[in-house]
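Chemist: What shape does this take:
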Amino acid sequence: MAESSDRFIGARIAELRKRRGFTQQGLAMRASMSMSLLSKVEVGQKPASPEFVAACARALSVHPADLLGQPYIDELRKDQTDRVIQPIREVLNFHNLGHDPMVRPRPLEQIASDRDRLLQLIQVEDSRGAAEELPSLMTEAISAAHASGDRRAWATLVMLDWVAYSVVARYGFHDLSVIAVHRAEYAAARAGDPALSAIVRFLSATVCMSAGEFRTGLRFNALGQDDLEHAEAGPETDAARGQTHLIAGLLEARRRNFDEAEGHFGEADALAARTGEAISARWLESTAYEVPPAGAIGHQDRGIHWFSFGPTNVGAYRISALADQNRHAEALEVGESLVIPQEWPESRVFYVHVDMARSYLWTGQNEHAFDRLLKAQKIAPEHTRFHPQVREVMVQLRKRERTRSGSIAHFAQWVGV
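Modeler: Residues are numbered from 1 along each chain as shown. The predicted structure follows:
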């Protein structure tokens, strides 16, 4: 059953605040925010930003997911999407147990080919398709890595852990996203690849950001930057380093360290000017790493070409950071001038539309906000339905709507609010 809009984020914060015995003033002081803003969010007059939710969660000693209501079990069960999660949980549980003599993996090249296909499904926003195929493929990869000790097998497993992380995080299973990243760390240590290790640190920082642990996320990210000091110089390393600056900028923005955030975005700008649009299509066409030095693993073997970086990604992260700082007019200015390449991953386009929707909402441009959600729905329907910021924007649009029928009402019912 769809959740009533008066039981969304603000109402959850108010309910838990009262259970903890806090007044609005007491919670506002603990969360370092104005009581006026807290009051407006609790009664649904203002939307709750990710930074706001994280601050309240820290002050109330809960995970932000508790305030967001994730995972949205009723909707997941209605679509039977929940059934793909348990097999992933099971395969992550025996990830580190060693070779299973009952499993006979195919040649590594075939496993790696299927790995790339699943990574492509993630980029085109087919999380369910990737989730359904992942457990059996990961079972093979785990056995192959433990049995052979081949660094290429461990590198393949790192990227399958990335697929697992992407799936469970998108469906709101934050406990499993932590486990998936821990498994990726285990595999990356055995792959012996600084660039892969840096990407795993990036995932760790992302998990911390979702949990509101911004300082810890920066510490993980700094370890990734240290890893890259040992990586071979080249466009791939530049792209990975640029991505670490992007997540650092977003983390600093949510810590309200705006000068530090802009410093990281400036570093990312400089690196993006060198790399250009380093998207998967370009990595796959590249010959720069197809004949690696003796003893090294080429980027095709590692699967590392599936991450994206470049001027467009810098712009996308800047939009999100500006929105987190409540500088919504500036976020819209950046977003409206952003030209997205045709081959840019749909998974990244989705986030641009969601961030633009919340900035349009904050500036009172309801029609533009809804239009961005429709665009997000068109390219990533499942991700749109289960994204908490989409739900938060829809709660506000429903409250501002004069009637209870029409496109907004139908969209809100579909989302679950």
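
Chemist: contacting residues around R215?
Modeler: R255 (C-beta atoms under 8 Å, 6 or more residues apart in numbering). Bear in mind the C-beta positions are built from the backbone N, C-alpha and C, glycine included.

Chemist: Could you do the one 3 residues further on as well?
Modeler: Contact partners of L218, counting by C-beta under 8 Å, 6+ apart, are 205, 248, 251-252.

Chemist: Quick check: it vs D324, distance?
Modeler: 15 Å (C-beta to C-beta, to the nearest Å).

Chemist: try G310
Modeler: Taken as C-beta to C-beta, the span from G310 to D324 is 22 Å.

Chemist: do E90 as well
Modeler: Going from E90 to D324 by C-beta to C-beta gives 36 Å.

Chemist: Counting neighbours around each, name which of the two comes out higher.
Modeler: D324 (23 against 11; other C-beta atoms under 10 Å).

Chemist: thought that one was touching R254?
Modeler: Yes - contact criterion C-beta atoms under 8 Å: D324 and R254 qualify, at 5.5 Å.

Chemist: what do those two both touch?
Modeler: By C-beta under 8 Å, 6+ apart, the residues touching both D324 and R254 are 50-51.

Chemist: Show me the shaky parts of the protein.
Modeler: Scanning the chain for pLDDT under 70 picks out 1-7, 286-296, 402-405.

Chemist: ok, 50 please
Modeler: 1-6, 289 (pLDDT under 50).

Chemist: Would you map the strands across it?
Modeler: For the chain, applying DSSP state E gives no strands.

Chemist: in stretch 76-96, what's buried?
Modeler: For stretch 76-96, burial by neighbour count (16 or more other C-beta atoms under 10 Å) applies to 76, 81-82, 84-85, 87-89, 91-92, 95.

Chemist: nope, stretch 360-376 is what I meant
Modeler: Neighbour count says stretch 360-376 has 360-362, 365-366, 368-370, 372-373, 375-376 buried, by 16+ other C-beta under 10 Å.

Chemist: Mind checking which of those residues land in helices?
Modeler: In this view, those that belong to helices under DSSP state H are 360-362, 366, 368-370, 372-373, 375-376.

Chemist: which two in those are spaced the farthest apart?
Modeler: Spatially, the most separated pair among these is W362 and K375, at 18.1 Å (C-beta to C-beta).

Chemist: Endpoint to endpoint, stretch 338-356 covers what distance?
Modeler: Length of stretch 338-356, first residue to last, C-alpha to C-alpha, to the nearest Å: 11 Å.

Chemist: So what touches that stretch?
Modeler: 122-125, 277, 279-281, 308, 312-313, 315-316, 319-320, 323, 331-332, 335, 368, 372-373, 375-376, 379-380, 383-384, 387, 389-390, 393.

Chemist: Emit the ChimeraX select command for whichever of those residues are buried.
Modeler: Of the contacts of stretch 338-356, the buried ones go into a single ChimeraX selection, burial set by 16+ other C-beta under 10 Å:
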select :122,123,125,277,279,280,281,308,312,313,315,316,319,320,323,331,332,335,368,372,373,375,376,380,383,384,387,389,390,393
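
Chemist: Helices - which of the contacts of stretch 338-356 land there?
Modeler: Per DSSP H, the subset of the contacts of stretch 338-356 in helices is 122-123, 280-281, 312-313, 315-316, 319-320, 323, 331-332, 335, 368, 372-373, 375-376, 379, 383-384, 389-390, 393.

Chemist: residues touching I279, list them.
Modeler: With contacts defined as C-beta under 8 Å, 6+ apart, I279 is in contact with 308, 310, 341, 343-345.

Chemist: at 10 Å what do you get?
Modeler: The neighbourhood of I279, defined by C-beta atoms under 10 Å, 6 or more residues apart in numbering, consists of 123, 239, 305-310, 312-313, 341, 343-345, 348.

Chemist: Quick check: it vs S320, distance?
Modeler: For I279, the distance to S320 (C-beta to C-beta) stands at 19 Å.

Chemist: same deal with G364?
Modeler: 20 Å.

Chemist: Correct me if wrong: H305 contacts I199.
Modeler: No - contact criterion C-beta atoms under 10 Å: H305 and I199 do not qualify, at 11.3 Å.

Chemist: Find residues that contact each of those two.
Modeler: Jointly contacting H305 and I199 under the rule C-beta under 10 Å, 6+ apart are M159.

Chemist: Look through this structure and tell me its longest helix.
Modeler: helix 127-148.

Chemist: Now F8. Nearest residue, chain neighbours left out?
Modeler: V395 (4.8 Å; C-beta to C-beta, 6 or more residues apart in numbering).

Chemist: no no, V103
Modeler: V103's closest residue in space is S143 (C-beta to C-beta, 6+ apart), at 4.1 Å.

Chemist: and the gap between A329 and Q365?
Modeler: 11 Å.

Chemist: Between those two, which contacts overlap?
Modeler: S359.

Chemist: So what's the residue count around Q413?
Modeler: Neighbour number of Q413 under other C-beta under 10 Å is 12.
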